[in-house]
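Asker: Predicted model, plus sequence, below.
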Amino acid sequence: MFETLQQTAFVQDIIILAKPALFNLYFALASIPMGFPFAVLLAIGKASPNRLFSLVSRGYIYAFRGSPLFIQFFMCYSIMLALNQSVWKPLGINHIMLHPLFLGPFVLVLNTSAYAAEIFYGALKTVPKGEVEAAQAYGMSRWNVFRIVTWPNMLRLAWPAYTNEMVFLFHATTLVYFTLPVINEQKDLMNKASELFERDYNVFLHFSVAALYFLLISIFIFWLAGLMQKHLNRHITGEKVRLFFKPRYLR
Amino acid sequence: MLESVITQITQWLGEDAGASLAYITNGKHMAWYASVRYTLIAAVGGAVCAVLFGLTGAALKQSSFLPFKWIGDFYTTIVRGVPDVLFILFFPLAFEKTVEFVLARFTCSSESLAVATGWPPCDAAQWYLRTGDYLTMACVSLGIVYGAFAANVIHGAMQAVPKGQLEAASAYGFTPKQVFWRFRVRQMWIYALPGLSNVWMLLLKATSLLSLLQIADIVQWAGRLGSANYFPGVGLVHPDWRWKYYFVLFLFFILMTMLSERFFEMLQRRASRGMALVESN
């Protein structure tokens, strides 16, 4: 029974595509921890009263939200290639700098931090004024006001939208191997699905299995983020805000 | 005409400026600029399809007949849970294979079907796709993906139309159908515009993916023009210049975003004429 099940094309595909799925996961997992602090810095920069910081952050966020990730990948890769002879080779890091496993997360970080910064900026603007004023009235230092009042509020307010952004980022990992060179068997879901498709032209099967992986991992991200959401809102009594697979449609 | 302009500019600004101007207006570069049309057609065509799919999706989600509602919810959820690239690749391929399958049923002889191993089973069933076909399918697949986004926006906007307006309309004796079309749909746009503008921005950015469907769009041309150019007689014309071309595209899309923002601001102002309770987005 089990063996016949294993022979079906569907199960075969699930097994074949398990490893490529790890590449997509790797790209997302490598860029989220880097993108998060960078985004927070950009958001604070955008909200900062300092003209220069604000202008630079605004410009960065606008540029990276206003252009396609596809182009950003091509642009960064070709810039890296142009710098290869003059900078990376003398430094001896050309293999790292041009490797998709480095460059992919690198560009994703640049991209996601702009989107996430906009989310955090929006949250910063909606942090309850009264709480900040109360903290100031207590004589807290500016750092303490940020650490104790602004930061937790910002994170709590931004979390649902940030969850959405993480799912978008995970989906954006498909673009890595459309723009950067594929090295040996290091293939992601879309690569492998296209390769399988070229073998037997069974577009419905292979792409559906790839889609299934994306869907399942997206749901998993929502679930994980939901746990965090509960944690962030644990002090709020009354109606709990629940996060489940109810995707928001804006980025 | 162009040549005379170039000679004029050469006289004014010197040889270098003239030479670079001649370079960036040569045939290949002109083809690059002309290929912007694919991007624009895909964006506009995709937007039209997306609004149609969005209206259909919103109507389905709104439906009181449960299976319809499920279809609407299923559509919007699945599309959102799957990357747009997957759909943009999947739909044209799936459509092509389906058409070829149907063609094979009608055109191939049963003998050739029996012995066929590859795809398509016989030559007559092969569907050769041209750029126009791919472009149409790209529009439809962009429409499917961003239609799901638009469906959610429109669904939300329909709920946002003040109930009093609809009740007043029915009190005046309008039929439910008239109430829906003349009041709900008519008034929903101002609530939907901020969201739809956001969907348009996403769609515009997704048009950069056209080169994945073998359309010679701006992205593909940028890659071709920028690669190191070597002529046997001349030597190296230029080294790898791709980053310059991609940077131009980067700026191009930012410019398009800026223009769209302006356009939607204007539209929003126009749509809110005479409306009492509209908060600015």
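Answerer: Structure's in. What do you need? Nothing here was measured: the structure is a model prediction, and the numbers come from that model. Numbering: from 1, shown residues only, chains lettered A, B, ... in the order given.

Asker: can I have stretch B:195-207 written out in PDB, keeping just the CAs?
Answerer: Taking Å, rounded to 0.1, in the frame of the first residue of the first chain, the C-alpha atoms of stretch B:195-207 are listed here in PDB:
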ATOM      1  CA  GLY B 195      -6.400  50.200  -2.100                       C
ATOM      2  CA  LEU B 196      -6.600  49.900  -5.900                       C
ATOM      3  CA  SER B 197      -3.800  52.400  -6.200                       C
ATOM      4  CA  ASN B 198      -1.700  50.100  -4.100                       C
ATOM      5  CA  VAL B 199      -2.700  47.100  -6.200                       C
ATOM      6  CA  TRP B 200      -1.700  49.100  -9.300                       C
ATOM      7  CA  MET B 201       1.700  49.700  -7.900                       C
ATOM      8  CA  LEU B 202       2.200  46.000  -7.300                       C
ATOM      9  CA  LEU B 203       1.000  45.200 -10.800                       C
ATOM     10  CA  LEU B 204       3.300  47.800 -12.300                       C
ATOM     11  CA  LYS B 205       6.200  46.300 -10.600                       C
ATOM     12  CA  ALA B 206       5.200  42.800 -11.600                       C
ATOM     13  CA  THR B 207       5.300  43.800 -15.300                       C
END
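
Asker: which residues sit against it?
Answerer: Residues lying outside stretch B:195-207 but in contact with it, judged by CB atoms under 8 Å, 6 or more residues apart in numbering or on different chains, are A:66-70, A:249-251, B:39, B:42-43, B:46-47, B:50-51, B:54, B:84, B:88, B:142, B:145-146, B:149-150, B:152-154, B:156-157, B:217, B:253, B:256-257, B:260-261, B:264, B:268. All C-beta atoms are positioned from the backbone trio N, CA, C, and that covers glycine.

Asker: among the residues you listed, which ones are buried?
Answerer: Taking 16 or more other CB atoms under 10 Å in any protein chain shown as the criterion, what is buried in the contacts of stretch B:195-207 is A:66-70, A:249-251, B:39, B:42-43, B:46-47, B:50-51, B:54, B:84, B:88, B:142, B:145-146, B:149-150, B:152-154, B:156-157, B:217, B:253, B:256-257, B:260, B:264, B:268.

Asker: those helices in the stretch 51-200 of chain A, which residues are they?
Answerer: Taking DSSP state H, counting those that start in this stretch as the criterion, the stretch 51-200 of chain A carries its helices at A:51-66, A:69-82, A:89-91, A:94-97, A:100-126, A:129-137, A:142-145, A:151-172, A:176-179, A:189-200.

Asker: Tabulate the CA atom coordinates of the fourth one in PDB.
Answerer: What follows is helix A:94-97, C-alpha atoms only, in PDB (Å, rounded to 0.1, in the frame of the first residue of the first chain):
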ATOM      1  CA  ASN A  94      34.900  37.300  -5.000                       C
ATOM      2  CA  HIS A  95      33.500  33.800  -4.400                       C
ATOM      3  CA  ILE A  96      31.400  34.900  -1.500                       C
ATOM      4  CA  MET A  97      30.200  38.200  -3.000                       C
END
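
Asker: is chain B contacted by that helix?
Answerer: No. Against chain B, helix A:94-97 shows no contacts by CB under 8 Å from any CB of the partner chain, the least distance being 14.1 Å.

Asker: One more: the longest one?
Answerer: No. Remark: helix A:100-126 sits outside contact range of chain B, by CB under 8 Å from any CB, the gap being at least 10.8 Å.

Asker: Now do the buried residues in that helix.
Answerer: Neighbour counts over helix A:100-126 (16+ other CB under 10 Å) mark A:100-121, A:123-124 as buried.

Asker: Kindly report the residues of chain A close to chain B.
Answerer: A:62-63, A:65-72, A:74-75, A:78-79, A:81-82, A:171-172, A:174-175, A:178, A:190, A:194, A:197, A:200-201, A:203-204, A:207, A:210-211, A:214-215, A:218-219, A:245, A:247, A:249-251.

Asker: re earlier: for the helices of the stretch 51-200 of chain A, give me JSON lines that also has distance to B:Thr131 and mean pLDDT.
Answerer: What follows is the helices of the stretch 51-200 of chain A, written out as JSON lines (distance: least, CB to CB, whole Å; pLDDT from 0 to 100):
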{"stretch": "helix A:51-66", "distance to B:Thr131": "27", "mean pLDDT": "94"}
{"stretch": "helix A:69-82", "distance to B:Thr131": "19", "mean pLDDT": "91"}
{"stretch": "helix A:89-91", "distance to B:Thr131": "40", "mean pLDDT": "82"}
{"stretch": "helix A:94-97", "distance to B:Thr131": "36", "mean pLDDT": "81"}
{"stretch": "helix A:100-126", "distance to B:Thr131": "29", "mean pLDDT": "93"}
{"stretch": "helix A:129-137", "distance to B:Thr131": "56", "mean pLDDT": "92"}
{"stretch": "helix A:142-145", "distance to B:Thr131": "59", "mean pLDDT": "92"}
{"stretch": "helix A:151-172", "distance to B:Thr131": "27", "mean pLDDT": "91"}
{"stretch": "helix A:176-179", "distance to B:Thr131": "19", "mean pLDDT": "88"}
{"stretch": "helix A:189-200", "distance to B:Thr131": "20", "mean pLDDT": "85"}
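
Asker: Contact partners for residue 109?
Answerer: As the question left the chain open, I've gone with chain A. A:Ser31, A:Met34, A:Gly35, A:Phe38.

Asker: my bad, the chain I had in mind was chain B
Answerer: If a contact means CB under 8 Å, 6+ apart, then B:Ser109 has B:Cys122 as its contacts.
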